[in-house]
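*Asks:* predicted structure and sequence below. I'll ask about it afterward.
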Amino acid sequence: MTSPRPASVEGAGVAARRSGRALVRRVRLRARVRQGRARVRRALVPVLLASLAAGTAWAIARHGLGHVNPVFAPVAAFVALGFAGDRHPRRVAELAVGVALGVLFGDIVVNAIGVGPVQVAVVLAMSTLVARFVDRGSMLTMQAGVQSMVVIALPAWQVGAPFARWLDAAVGGSLALVVTALWPQDPRRRVRALGEEALGDVAAVLHGLASGLRDGDRDDVDEALARARASQAVLDQWRDVAADVSAGARVSPAHRRHLPELRALQAAAVSADRTMRSVRVLARRCGALVDTVEDARAAAPDDASRGADDDVLALATLVDDIAVAAHELGDAFGAGRHPARAQALLEDVVRRLDPRAASPESWAVQATVLLLRSLVVDMRETSGLGPRLAREGLPEL
């Protein structure tokens, strides 16, 4: 029969779990604030341009065409331009035409047979099928269907003469195309920015792990792990945006010349996702290593544990060097330059990833170095090296 655990031990365990959950919440909150600020910075200029275009479209329809309430002019302008920086002319045209088609068919049905559930079904079917005939783009079809139903919900007597709403939508869509032509957007800009942010998160997590190993601080390691988990949203966004922008550039004559870099960034986004997964595995291993070292310090005299401490300090330096390489790689992505310096830094690290040389005695340090080998290979592939070159230079096991 086992004796019950002392109340003090149980209380300490509950307090530790609460402290851990509070730490995770703080890290996630900071990550959301940091990611939110980054999204606002990227969207600031596109939103200001779209808002200015919407206001201008309303003014043209109201004062130039004399429409009483030209709601579809700003709607078409803002829907077509959106808030993203990667405005492809084809995408803007798809959205503008989709809005105009939907409004046109809605106006036709309202003025011909009135408003009701049958009319909603008829106008939705008509606008969607015609949009599918006009173009293969899914955005065009979706906007045509949505806007046609909006027109049914807003009867013609509220907004003036028949087909006034279609003219408003045409004004807004045309203005959106003018804005796109006058302020062309580089499709690589947003992908580069997301790549820099994602690799910056990798570097920050690794610096946190190095600090935890150096100071023997489990809280630093736990905080780094929580940040690694919170950064997944940026990695997912980078991968998705890179795929979308690459697909758009394939059909855009103006942006087709950027395809090689966009494809490289798309491949880097996939490899960076693997890199962060390796970092999370490393973080859990570092937590266990810190606990192991603390137990050894408690059980052994200072001179007996000094060798293990030196090995962990050397390991912390190694993790810090990888973090510097990750930061440099992110800077290279953000600036659109070749990551030659990051590749050189990683090549220097690779030669030092010998588990036996890192610690002849400590299996815990050796296991951590083995994880670093996988991490560095993933990071070298993120920098653009193929799988064979990424493994080149690793010490034999």
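*Replies:* Received it, and whenever you're ready, just let me know what you need. Numbers count the residues shown, from 1 in each chain.

*Asks:* just checking, next helix/strand downstream of the helix or strand bottoming out on mean pLDDT in the chain?
*Replies:* Considering only helices and strands, the least confidently modelled element of the chain by mean pLDDT, DSSP states H and E is helix 7-59, at a mean of 70. Following the chain from helix 7-59 toward its C-terminal end, the next helix or strand by DSSP states H and E is helix 72-81.

*Asks:* mind giving me the packing neighbours of that following helix?
*Replies:* Applying 3 or more CB pairs under 8 Å, 6 or more residues apart in numbering; DSSP states H and E, one finds that helix 72-81 contacts helix 7-59, helix 89-113, helix 138-153, helix 164-182. Yep, even glycine has a C-beta here, placed from its N, CA and C like the rest.

*Asks:* possible to save these as JSON lines with mean neighbour count?
*Replies:* Conversion of these to JSON lines gives the following (neighbours: other CB atoms under 10 Å):
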{"stretch": "helix 7-59", "mean neighbour count": "14"}
{"stretch": "helix 89-113", "mean neighbour count": "23"}
{"stretch": "helix 138-153", "mean neighbour count": "22"}
{"stretch": "helix 164-182", "mean neighbour count": "23"}
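
*Asks:* right, and the ones you listed - which one's nearest Pro387?
*Replies:* Relative to Pro387, the nearest member of these by CB to CB is helix 7-59, separated by 30.7 Å.

*Asks:* hmm, Asp354 is touching Val369, no?
*Replies:* Yes - with contact defined as CB atoms under 8 Å, Asp354 counts as touching Val369 (7.4 Å).

*Asks:* those two: which has the busier surroundings?
*Replies:* For Asp354 and Val369, the more surrounded residue by other CB atoms under 10 Å is Val369, and the numbers stand at 22 against 14.

*Asks:* which ones are touching the more buried one?
*Replies:* Taking CB atoms under 8 Å, 6 or more residues apart in numbering as the definition of contact, the neighbours of Val369 are 315, 318, 353-355, 358-359.

*Asks:* for it, give me the pLDDT.
*Replies:* What the model reports for Val369 is a pLDDT of 92.

*Asks:* follow-up on the earlier one: for His255, which of the helices and strands packed on helix 72-81 is the nearest?
*Replies:* Among the helices and strands packed on helix 72-81, helix 89-113 comes nearest to His255, with 9.0 Å by CB to CB.

*Asks:* the residue nearest to Phe163 when sequence neighbours are not counted and Ala50, how far apart?
*Replies:* Nearest non-adjacent residue to Phe163, counting by CB to CB, 6 or more residues apart in numbering: Asp107, 5.1 Å away. Taking CB to CB, to the nearest Å as the criterion, Asp107 is separated from Ala50 by 25 Å.

*Asks:* what does Arg214 give?
*Replies:* When distances are taken as CB to CB, Arg214 and Ala50 turn out to be 48 Å apart.

*Asks:* repeat that for Asp201.
*Replies:* The gap separating Asp201 from Ala50 is 29 Å, by CB to CB.

*Asks:* give me the contact list for stretch 127-136.
*Replies:* Taking contacts as CB under 8 Å, 6+ apart, the residues outside stretch 127-136 that touch it are 94, 97-98, 101-102, 105-106, 140-141, 144-145, 147-148.
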